[in-house]
Each structure stands twice: as structure tokens, then as C-alpha cells.
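Visitor: Let's see this in three dimensions:
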Amino acid sequence: MRLLPKAEIFLEWFQEQAEILVKSSELLLEGVRSGAGGYGDTPARIESLERAADCVVHKVANELGRTFITPYDPEDIHRLSSSLDDIVDALEEAAHRIGTYRVSPIPQIIVQLAEILDEAAHAVQRAVAALADCDHAVVARKCLEIDRLESEADILMREAITALFARANDAITLMKLKEIYELMEQAIDRCEDVADTLRTLVVKGL
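Guide: This is a model prediction of the structure:
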């Protein structure tokens with residue numbers, strides 16, 4: 001199936017967004033694995049990628065604004081681009097909080113959530129690439145993988161919050177860690193939003 005030039009433009013931008021997402025998730029994972037002492041400039045590097053992601057969203061919006069006939073539903077284009085950007089936004093916010101709150105040591109739960117987020121980000125990237133290749137079977141498989149990872153993160157979060165409230169003696173530290181956990185879970189949830197939108201595109205036969 002040969003895509004129209006406009007479709008190719010949007011698909012290229014989706015892939016650019018997915019690439020930025022993966023770079024961000026890899027940076028976060030590398031940072032939290034290195035511990036508080038090695039976390040250093042991780043937030044600044046991810047913030048730079050987040051700004052690049054915003055630029056792509058603006059390109060998509062501008063193109064939609066001046067195109068009367070799009071290769072597929074403009075709402076789906078906007079939703080996918082926005083959902084991809086939402087992942088990076090939540091990831092960047094979590095990275096920022098870890099640095100600002102000077103979390104030390106970095107709890108293993110944060111590392112585990114970063115690992116799940118990185119897996120989900122890579123699954124998103126492969127699903128977006130498969131959409132561009134019109135390989136809907138791969139899109140479906142990767143969306144199921146994202147669903148599995150989101151469920152895994154939910155279970156981990158419930159256990160982590162229970163343990164946090166059971167063991168924490170410092171209310172301020174408790175609230176800081178709870179906020180970081182929730183931001184990371186939010187980023188993983190946004191990956192599932194992308195999966196839902198990709199399913200919509202596949203159903204429409206794009």
C-alpha cells in the first residue's frame with residue numbers, strides 16, 4: 001500500500017516523536033540506575049528532549065491547521081501526536097522531581113518503574129514504525145505488550161504505595177516519593193493511551 005505524501009509526513013513526525021520518547025526513557029533509566037551520585041544532568045538532558053518533542057507537536061498542529069483534506073481523521077492525528085507528547089511530558093516531570101527533591105538513595109521501585117517505562121517506550125516506537133509500514137499485526141502485538149506493561153506497573157505501584165505508607169517515618173519524604181511514583185505511572189499510562197489510538201487507526205484501515 002502506498003501512502004499519500006501527507007500521510008508520510010505525519011507518520012514521519014510520529015516516528016520522530018517516538019524516537020525522542022525512547023531517548024528520554026533510556027536517559028531516565030540510565031540516570032536512576034546510576035544512583036543519586038550519578039544522576040547529575042539527567043533532568044536537563046531530558047528537558048532538552050522534551051522541548052524537541054514540543055516542536056514536533058507544533059509542526060503537526062500547524063500542518064493540520066492549514067490542511068483541509070487530511071489522509072485520515074484529523075482528530076486521530078492530533079490525538080496520537082498529543083498522546084506521544086504526554087508520555088514525554090510526564091517522564092520529564094518525574095525526572096525533574098527526582099533531581100529537585102534530591103532523592104537519595106534512589107529507591108529500587110523507581111528503577112523498576114523506569115525499566116517498565118523504557119520497555120513501554122520501545123514498544124510504542126516499534127508500534128509506530130509498524131503503523132508506518134502498514135504492518136497491522138505488529139501494531140496489534142505491540143499494543144498488547146503495552147497493555148501488559150501498564151498492568152505490571154499498576155500492580156507494582158499498589159505494592160509500592162502500601163509499603164511506602166507502612167515504612168515511612170518522614171511524611172515529607174513519603175509525599176515526595178509518592179509524587180514521583182505517580183508521575184512515572186502516569187507516563188506508563190500515557191503509553192496505553194497511544195496504544196488505544198493506534199488500535200483506532202488500525203481499525204480504520206490506515
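
Visitor: Run a quick check on residue 200 versus residue 75, I expect a contact.
Guide: No: taking contacts as Cβ atoms under 8 Å, residue 200 lies outside contact range of residue 75: 9.5 Å. Glycine gets a C-beta too; all of them are placed from N, C-alpha and C.

Visitor: So for the two, which sits in the more crowded spot?
Guide: Taking neighbours as other Cβ atoms under 10 Å, residue 200 and residue 75 compare with residue 200 leading, 16 against 12.

Visitor: ok, now which ones touch that one?
Guide: By Cβ atoms under 8 Å, 6 or more residues apart in numbering, the contact list for residue 200 reads 76, 79.

Visitor: Helix or strand for it, just tell me which one.
Guide: If you go by DSSP states H and E, residue 200 is part of helix 171-203.

Visitor: And for residue 145?
Guide: Counting by DSSP H and E, residue 145 is found in helix 136-167.

Visitor: Give me the mean pLDDT for that helix.
Guide: Average pLDDT, helix 136-167: 94.

Visitor: Check which helices and strands it sits against.
Guide: Contacts defined by 3 or more Cβ pairs under 8 Å, 6 or more residues apart in numbering; DSSP states H and E place helix 136-167 against helix 108-132, helix 171-203.

Visitor: export these to JSON lines and tack on mean pLDDT and distance to residue 149?
Guide: Output for those, formatted as JSON lines (pLDDT from 0 to 100; distance: least, Cβ to Cβ, whole Å):
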{"stretch": "helix 108-132", "mean pLDDT": "96", "distance to residue 149": "5"}
{"stretch": "helix 171-203", "mean pLDDT": "94", "distance to residue 149": "7"}
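
Visitor: Highest mean neighbour count out of those helices?
Guide: helix 108-132 (a mean of 22; mean count of other Cβ atoms under 10 Å).

Visitor: now it against helix 136-167, angle please.
Guide: On the basis of axes from the mean of the first three to the mean of the last three Cα atoms, to 10 degrees, helix 108-132 is oriented at 170 degrees to helix 136-167.

Visitor: From the chain's centroid, how far away is helix 108-132?
Guide: Mean C-alpha position of helix 108-132 versus that of the full chain (Cα atoms, centre = their mean, to the nearest Å) differs by 7 Å.

Visitor: For the residue nearest the centre of the chain, what is the enclosing helix or strand?
Guide: A centroid search over the chain (Cα atoms, centre = their mean) returns residue 87, at 3.1 Å, as the residue closest to the centre. Per DSSP H and E, residue 87 falls inside helix 74-100.

Visitor: tell me the contacts of residue 145?
Guide: Contact analysis of residue 145 by Cβ under 8 Å, 6+ apart lists 119, 123.

Visitor: Near residue 154, how many other residues are there?
Guide: The local packing of residue 154 (other Cβ under 10 Å) involves 13 other residues.
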